[in-house]
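K.L.:
Requesting a structural model of the entry that follows:
(one chain, ligands or ions: 1)
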Amino acid sequence: MLTLDLTNCLDALAATDFDTLSGRIPEIHATIESGSDPRPGSDYLGWRHLPESLDADGLGRQRDCAARLRALAGRCVVAGIGGSYLGAKATIDALGSDHPIRFAGHHVDPEAVAELLTEVDDGDFTVVVISKSGTTTETAVAFRLLRDVLVRRHGAKGAAARIVAITDPAGGALRKLAEAEGYETFAIPPDVGGRFSVLTPVGLLPIAVAGIDIEALVAGAAAVMGRAAASPDYPPYRYAAARTALHQAGKRIEVLATQSVRLAGVCEWWKQLFGESEGKEGSGLFPASVRYTTDLHSLGQWMQEGPREVIETFLAVDTPAADPAIPAGGDDGDGLAYLAGRPLSEVNEAALAATRFAHLTGGIPNMLIRMGRRDPRHIGALYAFFERAVAMGGYLLGVDPFTQPGVEAYKQAMFALLGKPGTTFAAADAWQSYQQRKTASLDLAVDSGRPAKP
Ligand code: PA5
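P.N.:
All right, here's what the predicted structure looks like:
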């Protein structure tokens, strides 16, 4: 079960347009369900019907493929970035894996890539390469390096048997390569954007390779998705209306806070979902995340007394999978006798309540999302909760939540710098003058740092 508690932001909401925004929910819900928004994002509403819409690439074939990959090698490297990696990573971090999984293709750090290549140089690995466009540089470069190791160790045919490609059903460089080399492939539905793709093979295949129950994950998501489709009066939409009202009243940052170490990856997934969906046309809450109580000892001061432009959403697990009791401590040298015999979950809950209270009194309104357990069903439900919420939130804000035009800007500049054939750099003049400015300010920094001459 998932619950949403708005108690600690009701006072703040009273001074906002929360009621007006809430009143718009049924109309926007109808727009989401009918796909009638005139902007391009309406072509990407397929996430509402996942995974029933996967047909031949449904759960059975993914389970079989996962079993084949697990039997073939001692580890699996999943190459992808953004929406083509965060959902799988979040789920595997949250629920664990009984098969070693490594992630690649989500950066171009030469040192980290070299470390991974050293680790897998024995060739005892499979690769799941994931790219909807099939042309993402980070992923394509990592895949080329990994494929090179496999070909060296197993020959072209042996390598091909160890590679699975998840990409566009028809076009793109990866689709062509996969067909030419004979890799097993899965299709990413064209009407599902990257950050909404965790319940397609993009997320589900790596999750299945990790040995996680994908049927339960999907069942959890389907339960929330179905209820949201049937009723606009549903918690994800109230969460969307509350955070949008607070944003429009001047809040600029939403911090997703969890005390579950295992949910840190889910927070990363959430950051992409909300950042890429809402951060456009000069609006959108900046999605940040923290892990408590750890970060209370680094960011706690800022949260308590820094700029009051923040809202906080707590993500808590009701029943932990394990719950050690604090032992009796003999002569009470550490002063913890008052906690003896009490479960750690009691300390954790006290920390949650205390932090919510302290931050509220410090001027940060907060919401609380509780999940019954950290298991596949609840994680799936949480994904559907946030996907529904961000769709509503984007429309309430007035932006198209299903596009991401802004992510192209750095790619254009990077391709120009690397001399990628066939690319043109629309901002070439601006780039030239930027370069000059950068050089000048760097020189200054170096000069001012030099010791004075005797
Ligand atoms: O959400 C998105 O659309 C992006 O984050 C993409 O998933 C990311 O850029 C990777 O793209 P691709 O799957 O085409 O390699």
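
K.L.:
Run through the residues of the stretch 101-250 of the chain sitting next to the ligand.
P.N.:
Proximity of the stretch 101-250 of the chain to the ligand, by C-beta under 6 Å from any ligand atom, involves residues S131, K132, S133, T136, T139, G193, G194, R195. Just so you know, the C-beta spots here come from the backbone N, C-alpha and C atoms, and that holds for glycine as well.

K.L.:
By neighbours, which of the residues you listed wins?
P.N.:
When neighbours are counted by other C-beta atoms under 10 Å, S131 leads those with 30 neighbours.

K.L.:
any chance you could read off phi and psi for the nearest residue to it once chain neighbours are set aside?
P.N.:
Among residues not flanking S131 along the chain, T139 sits closest, at 4.8 Å (C-beta to C-beta, 6 or more residues apart in numbering). Note on T139: its backbone torsions stand at phi -70, psi -40 [degrees, to the nearest 10].

K.L.:
Contact partners for T139?
P.N.:
By C-beta atoms under 8 Å, 6 or more residues apart in numbering, the contact set of T139 is A79, G80, I81, S84, G105, H106, V129, I130, S131.

K.L.:
mind checking pLDDT for the fourth one?
P.N.:
At S84, the predicted lDDT confidence score is 98.

K.L.:
With the first one instead?
P.N.:
At A79, the pLDDT value in this model is 98.

K.L.:
In contact with it, which residues are there?
P.N.:
Going by C-beta under 8 Å, 6+ apart, A79 touches F103, A104, G105, V127, V128, V129, I130, T139, A142, F143, L146.

K.L.:
and if you look at the third one?
P.N.:
Remark: with contacts taken as C-beta under 8 Å, 6+ apart, I81 is in contact with G105, H106, H107, S131, T136, E138, T139.

K.L.:
Please apply the same query to the fourth one.
P.N.:
Residues counted as contacts of S84 (C-beta under 8 Å, 6+ apart) are I130, S131, K132, T136, T139, I166, G194, S197, V202.

K.L.:
Please name the nearest non-neighbouring residue to it.
P.N.:
Once flanking residues are discounted, S84 sits nearest to I130: 4.2 Å by C-beta to C-beta, 6+ apart.

K.L.:
My read is that that neighbour contacts D168, right?
P.N.:
No: the criterion here is C-beta atoms under 8 Å, and I130 misses it with D168 at 11.1 Å.

K.L.:
Between these two, which has more neighbouring residues?
P.N.:
When neighbours are counted by other C-beta under 10 Å, I130 and D168 differ, and I130 comes out ahead with 33 against 18.

K.L.:
and the helix or strand containing that one, average pLDDT?
P.N.:
Counting by DSSP states H and E, the element that carries I130 is strand 125-131. Averaged over strand 125-131, pLDDT sits at 98.

K.L.:
which strands and helices sit next to it?
P.N.:
helix 59-72, strand 75-79, helix 137-161, strand 163-167, helix 201-209 (3 or more C-beta pairs under 8 Å, 6 or more residues apart in numbering; DSSP states H and E).

K.L.:
residue ranges with poor pLDDT in this protein?
P.N.:
55-56, 438-454 (pLDDT under 70).

K.L.:
Identify the residue nearest the geometric centre of it.
P.N.:
Centroid-nearest residue in the chain, with C-alpha atoms, centre = their mean: W269, separated by 1.1 Å.

K.L.:
That one touches S197, doesn't it?
P.N.:
No: the criterion here is C-beta under 8 Å, and W269 misses it with S197 at 11.0 Å.

K.L.:
so what's in contact with the two at the same time?
P.N.:
Listed as contacting both W269 and S197 by C-beta under 8 Å, 6+ apart are G87.

K.L.:
residues contacting H107?
P.N.:
I81, V113, E138.

K.L.:
So which of the residues you listed is the closest to the ligand?
P.N.:
I81 (4.9 Å; C-beta to the nearest ligand atom).

K.L.:
Not counting its neighbours along the chain, what's nearest the closest one?
P.N.:
Leaving aside its chain neighbours, I81 sits nearest to H106 (4.3 Å; criterion: C-beta to C-beta, 6+ apart).

K.L.:
Surely the one you found forms part of a helix?
P.N.:
No: counting by DSSP: H, G, I helix; E, B strand; the rest coil, H106 is not found in a helix; it is coil.

K.L.:
That one touches A88, doesn't it?
P.N.:
No: using C-beta under 8 Å, H106 is not in contact with A88, being 10.7 Å away.

K.L.:
Neighbour count: these two, which is higher?
P.N.:
Using other C-beta under 10 Å as the criterion, H106 and A88 rank with A88 on top: 29 against 20.

K.L.:
Spit out the contact partners of that one.
P.N.:
Residues in contact with A88 (C-beta under 8 Å, 6+ apart) are V78, G80, F103, V198, V202, G203, P206, I207.

K.L.:
What sits closest to A88 if chain neighbours are left out?
P.N.:
Once flanking residues are discounted, A88 sits nearest to P206: 3.9 Å by C-beta to C-beta, 6+ apart.

K.L.:
Check the spacing between that neighbour and the ligand real quick.
P.N.:
14 Å (C-beta to the nearest ligand atom, to the nearest Å).

K.L.:
Surely that residue touches V128?
P.N.:
Yes: here P206 reaches V128: they are 5.6 Å apart, a contact under C-beta under 8 Å.

K.L.:
Which residue of the two possesses the greater neighbour count?
P.N.:
P206 (30 against 25).

K.L.:
Relative to G398, how far out is that one?
P.N.:
P206 sits at a distance of 35 Å from G398 (criterion: C-beta to C-beta, to the nearest Å).

K.L.:
what does A384 give?
P.N.:
24 Å.

K.L.:
so who does E268 touch?
P.N.:
Contacts here follow C-beta under 8 Å, 6+ apart; on that basis E268 touches L86, K89, A90, S289.

K.L.:
at 6 Å instead, please
P.N.:
L86 (C-beta atoms under 6 Å, 6 or more residues apart in numbering).

K.L.:
interface residues of the stretch 251-400 of the chain facing the ligand?
P.N.:
E276.

K.L.:
let's see 8 Å
P.N.:
Proximity of the stretch 251-400 of the chain to the ligand, by C-beta under 8 Å from any ligand atom, involves residues Q272, E276.

K.L.:
now the helices: where do they sit in the stretch 251-400 of the chain?
P.N.:
Remark: helices assigned in the stretch 251-400 of the chain by DSSP state H, counting those that start in this stretch are 264-278, 300-305, 344-361, 376-397.

K.L.:
which of those helices sits most buried?
P.N.:
Greatest average neighbour count among the helices of the stretch 251-400 of the chain goes to helix 376-397 (a mean of 25), per mean count of other C-beta atoms under 10 Å.

K.L.:
hey, C-alpha coordinates of that one in CSV?
P.N.:
C-alpha atoms of helix 376-397 as CSV (Å, rounded to 0.1, in the frame of the first residue of the first chain):
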residue,chain,number,x,y,z
PRO,A,376,8.8,-5.4,-6.1
ARG,A,377,5.0,-4.7,-5.8
HIS,A,378,5.5,-1.5,-3.9
ILE,A,379,8.4,-0.3,-6.1
GLY,A,380,6.2,-0.8,-9.2
ALA,A,381,3.4,1.0,-7.5
LEU,A,382,5.7,3.9,-6.7
TYR,A,383,6.8,4.2,-10.3
ALA,A,384,3.2,4.4,-11.5
PHE,A,385,2.4,6.9,-8.7
PHE,A,386,5.2,9.3,-9.8
GLU,A,387,4.5,8.9,-13.5
ARG,A,388,0.9,9.8,-13.0
ALA,A,389,1.9,12.7,-10.8
VAL,A,390,4.4,14.2,-13.2
ALA,A,391,2.0,14.0,-16.1
MET,A,392,-0.6,15.9,-14.0
GLY,A,393,2.1,18.3,-12.6
GLY,A,394,3.5,19.2,-16.0
TYR,A,395,0.1,20.1,-17.4
LEU,A,396,-0.9,22.0,-14.2
LEU,A,397,2.3,24.0,-14.7
